[in-house]
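>>> generate a structure from the sequence data that follows.
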Amino acid sequence: MPERTAALRSVGAAHTTGPGELTLAEQAQVVFGLKRALGATHPAQPVGMVETHISFVLLAGAHAYKIKKCVNLGFVDFSTVALRRHFCEEELRLNRRIAPQIYLDVVPITCAGGQPALRGVGTVVDFALRMNAFAQDELWERRVRRDALTFAHIDQLAASLCALHRDAATNPPDPHYGEPAQVRAPMLDTLDMLQTLLGPQQRECLAALAQVRNWEARAFTALEPAFAQRRAAGQVRECHGDLHLGNVTMMGGVPTMFDCLEFDPGLRWTDVMSDVAFLAMDLQRHARDDLAHRFVNACLEGSGDYDGARVLRYHMVYRALVRAKVAALRGARASDDVRAYLEVARRRSAPGGPVLFVTHGFSGSGKTTWTGQLLEAIGAIRIRADVERKRIAHLPALARTNSAWRTGLYSSAANLATHERLRAAANSVLEGGFHAILDATFLERDARDQARALAHQLGARFVILDFRADEATLRRRILARSERGDDASEAGLAVLENQFGNDVPLAVDERPETIEIDAEQPWSRERIAAAGQAICAGDCGAGNAGTAASFTSGP
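Predicted coordinates for the structure are as follows:
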């Protein structure tokens with residue numbers, strides 16, 4: 001039978017078995033016997049089987065049974081029944097953190113009279129992880145190809161990932177996990193393996209690899225203290241470890257992560273930014289930079305871990321190289337993936353000059369809506385004053401404190417602390433090579449001057465986005481937002497009226513750095529993207545001598 005022949009073929013690595021242990025060929029016989037037994041109990045549809053280099057998965061009715069192959073490939077060792085049971089239980093433990101609706105239990109595979117069964121009589125010869133099956137078309141790697149991922153999906157997944165990282169264990173079983181040398185070792189190994197796998201005819205890929213290798217040497221030297229600091233700060237946690245698009249699916253309309261990396265704790269105990277980087281990088285490989293940028297921003301805003309932006313690019317490059325390596329191991333049929341992932345790695349290792357944007361305008365002038373679309377277009381990370389002032393007070397973003405003008409969370413002291421937080425976050429973002437957006441009213445000259453000084457200190461361009469709208473429009477928007485209750489801002493009409501009475505226009509010397517935004521009418525995403533790209537390219541006049549540039553709304 002062809003399927004049996006496939007199951008019995010070598011997996012390309014030698015392994016040994018102790019007394020009473022299954023060989024790979026014997027295990028394959030057990031799996032096919034179990035497939036027949038399941039077929040007898042599920043006569044309505046054939047039992048399917050998926051085989052990878054480290055597992056068999058049987059699909060029977062509403063359930064899936066994952067059986068780890070009895071192999072030792074160096075990076076993974078499932079060669080004994082005790083090890084396979086252990087890693088089945090580890091996989092169950094790890095994934096029930098995020099997908100309890102998928103992962104059910106670990107069941108013994110028994111054999112009596114030469115007939116394998118689940119939880120039957122006779123000798124226990126192996127173990128299977130029992131899961132609820134789900135539609136393969138709901139995998140994100142398939143949905144992204146048919147343009148079926150939305151911004152709402154991205155926001156939901158970011159919230160789930162932030163929750164996983166918040167609750168994850170923080171005491172690594174090995175004290176070396178997360179140390180700078182341990183972070184770098186797999187990067188260097190992957191670079192070396194790709195150098196071996198790429199043939200001389202793949203000149204474009206080899207050129208990209210050489211560029212990345214040169215960048216990595218400089219980047220690691222600069223980032224080594226940051227890796228150590230983040231480890232000391234508890235940002236090395238028991239993460240997902242393998243968060244690409246193929247390991248996210250929709251369950252009941254909700255994005256659900258699954259298949260945490262169970263077989264190597266050293267690859268799972270990583271900086272939380274490694275998980276963020278993997279998913280964002282994979283979205284970029286599929287030409288959805290907008291979704292990738294939104295995901296990164298949502299993760300950092302949700303966690304407040306803006307310091308992670310310093311190391312995010314390094315992890316994105318590493319994850320792109322890993323996927324390129326996996327594709328290269330598949331041979332010529334995956335050559336497009338090799339090129340695509342190497343191109344992502346090359347682009348991530350060649351950042352342009354960052355820009356620090358600050359918004360200027362009254363509450364209700366559209367700053368948050370506009371910059372939300374801007375960040376998706378240019379890959380900026382936004383830090384919102386309304387969110388950060390709540391975080392300082394240990395409050396959720398949508399909490400309501402009923403603070404009046406210049407009191408409570410909006411007192412002078414609270415405003416100073418909030419702007420200090422904004423600048424600290426922007427410092428990390430700009431050091432990571434990303435554009436930063438500080439989303440606040442910035443009605444006070446001192447706050448703008450301090451942000452400008454930070455930009456100049458870090459060699460970043462400084463741009464003021466000046467939002468203009470009629471007072472009647474502002475009042476209407478404030479009322480609508482208050483009724484919805486879906487935004488972190490607590491500014492109501494009373495606050496707006498006080499802002500009108502304390503308005504200090506931008507000074508003449510600030511105008512050359514200013515972009516005027518007509519916020520009276522809605523903007524299309526395409527128009528905001530074009531404006532953002534023009535600003536970042538320096539084609540709009542901001543940051544140069546001369547008068548302020550302006551953008552009017554358009555379709």
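>>> contacts and neighbour counts: CA atoms only from here.
Will do.
>>> now stretch 94-110, how far from the chain's geometric center?
24 Å (CA atoms, centre = their mean, to the nearest Å).
>>> now do the same end-to-end measure for it.
Distance across stretch 94-110, first residue to last, is 25 Å (CA to CA, to the nearest Å).
>>> how is the protein divided into domains?
What automatic domain parsing lists as the domains of the chain is 2-133, 140-348, 355-551.
>>> so who does residue 403 touch?
Residues near residue 403 by CA atoms under 8 Å, 6 or more residues apart in numbering: 409-410, 490.
>>> spatially central residue for this protein, please.
What sits nearest the mean C-alpha location of the chain, by CA atoms, centre = their mean, is residue 276, with 2.5 Å.
>>> ok, now how distant is that one from residue 228?
With CA to CA as the criterion, residue 276 and residue 228 are 19 Å apart.
>>> same check, this time on residue 185
Distance from residue 185 to residue 228, by CA to CA: 15 Å.
>>> which ones are touching residue 377?
If you count contacts by CA under 8 Å, 6+ apart, residue 377 has them with 289-290, 293, 528-529, 532-533.
>>> switch to 10 Å and redo it
289-291, 293-294, 371, 525-526, 528-533 (CA atoms under 10 Å, 6 or more residues apart in numbering).
>>> phi first, then psi, for it.
Note on residue 377: its backbone torsions stand at phi -80, psi -40 [degrees, to the nearest 10].
>>> and which of the contacts of residue 377 is nearest residue 309?
Residue 309 has its nearest neighbour among the contacts of residue 377 in residue 293, at 12.3 Å by CA to CA.
>>> correct me, but that closest one touches residue 375?
Yes - Residue 293 is within contact range of residue 375, at 6.7 Å (criterion: CA atoms under 10 Å).
>>> determine the residues that are contacts of both of those two.
residue 381.
>>> strand partners (parallel or antiparallel) of the host helix or strand of residue 58?
Using DSSP states H and E, residue 58 maps to strand 55-60. For strand 55-60, the paired strands and their directions (DSSP bridges) read strand 48-51 (antiparallel), strand 63-68 (antiparallel).
>>> do a quick rundown of the helices in the stretch 101-250 of the chain.
140-143, 151-167, 180-197, 203-232 (DSSP state H, counting those that start in this stretch).
>>> for residue 23, which of those helices is the nearest?
Ranking the helices of the stretch 101-250 of the chain by proximity to residue 23 (CA to CA) places helix 180-197 first, at 29.1 Å.
>>> quick check: angle from that closest one to helix 203-232?
Here the directions of helix 180-197 and helix 203-232 differ by 170 degrees (axes from the mean of the first three to the mean of the last three CA atoms, to 10 degrees).
>>> distance from helix 180-197 to the middle of the chain?
Using CA atoms, centre = their mean, the distance between the centre of helix 180-197 and that of its chain works out at 21 Å.
>>> on contacts alone, who are the packing partners of that helix?
When contacts are defined as 3 or more CA pairs under 10 Å, 6 or more residues apart in numbering; DSSP states H and E, helix 180-197 packs onto helix 203-232, helix 265-268, strand 269-271, helix 309-329.
>>> give the buried residues for it.
Residues 180, 183-184, 187, 190-191, 193-195 are the ones in helix 180-197 that count as buried (16 or more other CA atoms under 10 Å).
>>> of the contacts of residue 377, select the buried ones using a ChimeraX command.
Per 16+ other CA under 10 Å, the buried members of the contacts of residue 377 correspond to this ChimeraX selection:
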select :289,290,291,293,294,371,525,528,529,531,532,533
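>>> from the contacts of residue 377, which two are the most distant?
Among the contacts of residue 377, 291 and 531 lie farthest apart (CA to CA), at 18.7 Å.
>>> which residue of this structure sits farthest from its center?
The chain, CA atoms, centre = their mean, max distance from centroid: residue 113 (49.8 Å).
>>> let me see the contact set for that residue.
If a contact means CA under 10 Å, 6+ apart, then residue 113 has 121-123 as its contacts.
>>> mind listing what's buried in stretch 119-137?
So, applying 16+ other CA under 10 Å, buried residues of stretch 119-137: 124-134.
>>> repeat that for stretch 509-523.
For stretch 509-523, by 16+ other CA under 10 Å, it's 510-520, 523.
>>> neighbours of residue 537, just the number please.
12 (other CA atoms under 10 Å).
>>> what residues are up against it?
Taking CA under 10 Å, 6+ apart, we find residue 537 in contact with 352-353, 531.
>>> which of those scores worst on pLDDT?
Of all those, residue 352 carries the smallest pLDDT score, 85.
>>> can you tell me the closest non-neighbouring residue to that residue?
For residue 352, ignoring the flanking residues on the chain, the nearest one in space by CA to CA, 6 or more residues apart in numbering is residue 433 at 7.4 Å.
>>> likewise residue 124?
In space, and not counting its chain neighbours, residue 124 is closest to residue 110: 4.3 Å by CA to CA, 6+ apart.
>>> surely the one you found touches residue 123?
Yes - using CA under 10 Å, residue 110 is in contact with residue 123, at 5.2 Å.
>>> which residues do these two both contact?
Common neighbours of residue 110 and residue 123 (CA under 10 Å, 6+ apart) are residue 116.
>>> highest mean neighbour count out of the helices and strands packed on helix 180-197?
strand 269-271 (a mean of 26; mean count of other CA atoms under 10 Å).
>>> quick check: buried residues in whichever helix or strand comes after it?
Counting by DSSP H and E, the element after strand 269-271 in chain order, helix or strand, is helix 272-285. For helix 272-285, a neighbour-count test (16+ other CA under 10 Å) marks 272-285 as buried.
>>> are there helices or strands packed against helix 272-285, and which ones?
In terms of contacts (3+ CA pairs under 10 Å, 6+ apart), helix 272-285 is packed against helix 140-143, helix 151-167, strand 236-238, helix 265-268, helix 289-303, helix 309-329, helix 335-348.
>>> for the ones you listed, which one sits closest to residue 90?
It's helix 265-268; of the helices and strands packed on helix 272-285, that one is closest to residue 90 (CA to CA) at 10.2 Å.
>>> what's the mean pLDDT across the closest one?
Computed over helix 265-268, the average pLDDT equals 93.
>>> export that helix as PDB, just CAs?
Presented in PDB, the C-alpha positions along helix 265-268 are these (Å, rounded to 0.1, in the frame of the first residue of the first chain):
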ATOM      1  CA  PRO A 265      12.300  24.400  26.400                       C
ATOM      2  CA  GLY A 266      15.300  26.500  25.300                       C
ATOM      3  CA  LEU A 267      13.300  27.600  22.200                       C
ATOM      4  CA  ARG A 268      10.200  28.200  24.200                       C
END
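>>> ok so, going back, ranking the strands paired with strand 55-60 by burial, who's on top?
For the strands paired with strand 55-60, where neighbours mean mean count of other CA under 10 Å, the stretch averaging the most is strand 63-68, with a mean of 22.
>>> in the next helix or strand after that one, which residues are buried?
Following strand 63-68 in sequence order, the next helix or strand is helix 81-95 (DSSP H and E). For helix 81-95, burial by neighbour count (16+ other CA under 10 Å) applies to 81, 84-95.
>>> and helix 81-95, what does it pack against?
Secondary-structure packing of helix 81-95 (3+ CA pairs under 10 Å, 6+ apart): strand 63-68, strand 103-112, strand 123-132.
>>> could these go into CSV alongside mean pLDDT and distance to residue 44?
Converted to CSV, the helices and strands packed on helix 81-95 look like this (pLDDT from 0 to 100; distance: least, CA to CA, whole Å):
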stretch, mean pLDDT, distance to residue 44
strand 63-68, 97, 14
strand 103-112, 96, 23
strand 123-132, 96, 18
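>>> reformat those strands as TSV; add distance to residue 311.
Listed next are the helices and strands packed on helix 81-95 as TSV, based on distance: least, CA to CA, whole Å:
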stretch	distance to residue 311
strand 63-68	34
strand 103-112	32
strand 123-132	35
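>>> of those strands, which is nearest residue 169?
strand 103-112 (19.8 Å).
>>> mind giving me the packing neighbours of that closest one?
Using 3+ CA pairs under 10 Å, 6+ apart, the elements in contact with strand 103-112 are helix 24-41, strand 63-68, helix 81-95, strand 115-118, strand 123-132.
>>> kind regards, and thank you for your time.
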